[in-house]
Every structure is written in C-alpha cells, then in structure tokens.
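Chemist: The following comprises the amino acid sequence and a computationally predicted model.
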Amino acid sequence: ITEHGIDASGRYIGTDDAQLKWLHTYFNEGNDGKFTPKSIMIDADPAAIDAVTTSGLKDLFQPHGLISGSNDIESNWARAFYTEGVGLNQWILEAIRKEAEP
C-alpha cells in the first residue's frame, strides 16, 4: 500500500506525481477522499478473511469485497467445490458486479 502512497486508513500521503497518475487504476476514491483497493478477497476458510479484518489494514477494505465461508474446509478441494463453495457463488458474483460497475 505504501508503494502507492496510501496509508493504513486509506488516505493519500504520497509525494510522487507518478503515484497520482496511476492511483485510480488500483484504488477507488470515496466521497471522503479515502482510497480503497480494487480487490475482492475470497476464501472458504473464514480464518483467512478474519486475519484481514482484524489487522492494521482492516479499515482499508470494503466489506463487500471480503467473502468467506462459514466452515473450515480442511484443505479438501472437493468439499470446497461441491458443498461449501457453492453457497458462496452468489456473493462472489455480486461482489464482482459491485467492483466492476462505476
């Protein structure tokens, strides 16, 4: 984040004009001037997303872009694909739509 001149709260603190030139490629700017990454984080294991939401960067990410399952799939691909993961599909597609639409 710092390589783009953004601090942990989403504020631009950079000094390089080149950062500003490309900032909107990687970040969305809110009405309050706060920048959030154009990203969607998906994991069937809720612990992975919880690590982001409890970190020092928790205020940086939009809640609709953090999607997790409700159960640990214990590194079982079939369980993630056929059972636990199927329920996430509508949330994933909605998050992609929100991120892609202006």
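Modeler: Cool, the structure landed. Model, not experiment: these values are computed from the prediction.
Chemist: what's the longest helix in this protein?
Modeler: helix 89-100 (DSSP state H).
Chemist: remind me which residues of the protein are low pLDDT?
Modeler: The model of the chain has pLDDT under 70 over residues 102.
Chemist: Endpoints of stretch 46-59, how far apart?
Modeler: In stretch 46-59, first residue to last residue: 18 Å (C-alpha to C-alpha, to the nearest Å).
Chemist: Give me the residues contacting it.
Modeler: 1, 8-10, 41, 43, 61, 66-72 (C-beta atoms under 8 Å, 6 or more residues apart in numbering). In this view, the C-beta of every residue, glycine as well, is placed from N, C-alpha and C.
Chemist: Going by distance to residue 25, which of the residues you listed wins?
Modeler: Nearest to residue 25, judged by C-beta to C-beta, of the contacts of stretch 46-59 is residue 1 at 14.3 Å.
Chemist: wait, that closest one sits on residue 60?
Modeler: Yes. Applying C-beta atoms under 8 Å as the test, residue 1 and residue 60 come out as touching, 6.9 Å apart.
Chemist: neighbour-wise, which of these two wins?
Modeler: In terms of neighbours (other C-beta atoms under 10 Å), residue 60 is the more surrounded of residue 1 and residue 60; the figures are 20 against 14.
Chemist: Setting aside sequence neighbours, what's the nearest residue to the more buried one?
Modeler: Nearest residue to residue 60 in three dimensions, chain neighbours excluded: residue 10, at 5.2 Å (C-beta to C-beta, 6 or more residues apart in numbering).
Chemist: Repeat that for residue 79.
Modeler: residue 73 (4.8 Å).
Chemist: Shouldn't the one you found be within a helix?
Modeler: No. Looking at residue 73 with DSSP: H, G, I helix; E, B strand; the rest coil, it is coil, so not inside a helix.
Chemist: Just read off the phi/psi values of it.
Modeler: phi -90, psi 0 (degrees, to the nearest 10).
Chemist: do the same with residue 37
Modeler: The phi/psi pair for residue 37 (degrees, to the nearest 10) is phi -60, psi 140.
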